[in-house]
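Enquirer: need coordinates for the following:
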Amino acid sequence: MLGFPCNQFGAQEPGTNREILEFATSKYRINFQLFSKIEVNGDGACDLYKALKAGQPNDDGSEDITWNFTKFLINGDGKVLKRYEPKTTPEEIEVDLGSLNLSLFS
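Expert: Modelled structure (predicted):
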């Protein structure tokens with residue numbers, strides 16, 4: 001898993017990259033790579049999220065990320081396989097990973 005902080009959703013991540021990392025580590029004990037803060041929607045969206053959104057639009061065909069914690073499953077070739085809504089848990093994604101012979105918890 002990889003995390004990309006973004007302050008575009010209710011201004012929930014207004015801090016610096018260091019402050020966000022310290023908060024996520026102390027409060028949630030994250031054990032995945034946390035990258036620098038980015039934008040995921042609009043003109044300032046980073047190229048990664050432009051590609052992710054184009055690879056797997058929302059069910060209604062729109063591409064914007066609607067809220068933090070939207071997740072994407074990507075294969076080893078960089079193809080976006082699936083998009084998950086914010087409330088989807090890692091355990092739920094584990095089912096899809098099984099078809100790729102991968103695991104979140106290994």
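Enquirer: please count neighbours and contacts with C-alpha atoms only from this point.
Expert: Noted.
Enquirer: for this structure, which spans come out with low pLDDT?
Expert: Low-confidence segments of the chain, defined by pLDDT under 70, span residues 101-106.
Enquirer: show me where it has helices.
Expert: Assignment of helices within the chain using DSSP state H yields the ranges 17-28, 47-55, 90-98.
Enquirer: can you name the residues in contact with the longest one?
Expert: In this case it means helix 17-28. Here helix 17-28 makes contact (C-alpha atoms under 8 Å, 6 or more residues apart in numbering) with Pro5, Glu13, Ile30, Asn31, Leu34, Ser36, Lys37.
Enquirer: run a quick neighbour tally on Cys6.
Expert: Residues near Cys6, counting by other C-alpha atoms under 10 Å, number 20.
Enquirer: so it makes contact with Asn41?
Expert: No: counting by C-alpha atoms under 8 Å, Cys6 stays clear of Asn41, with 9.7 Å between them.
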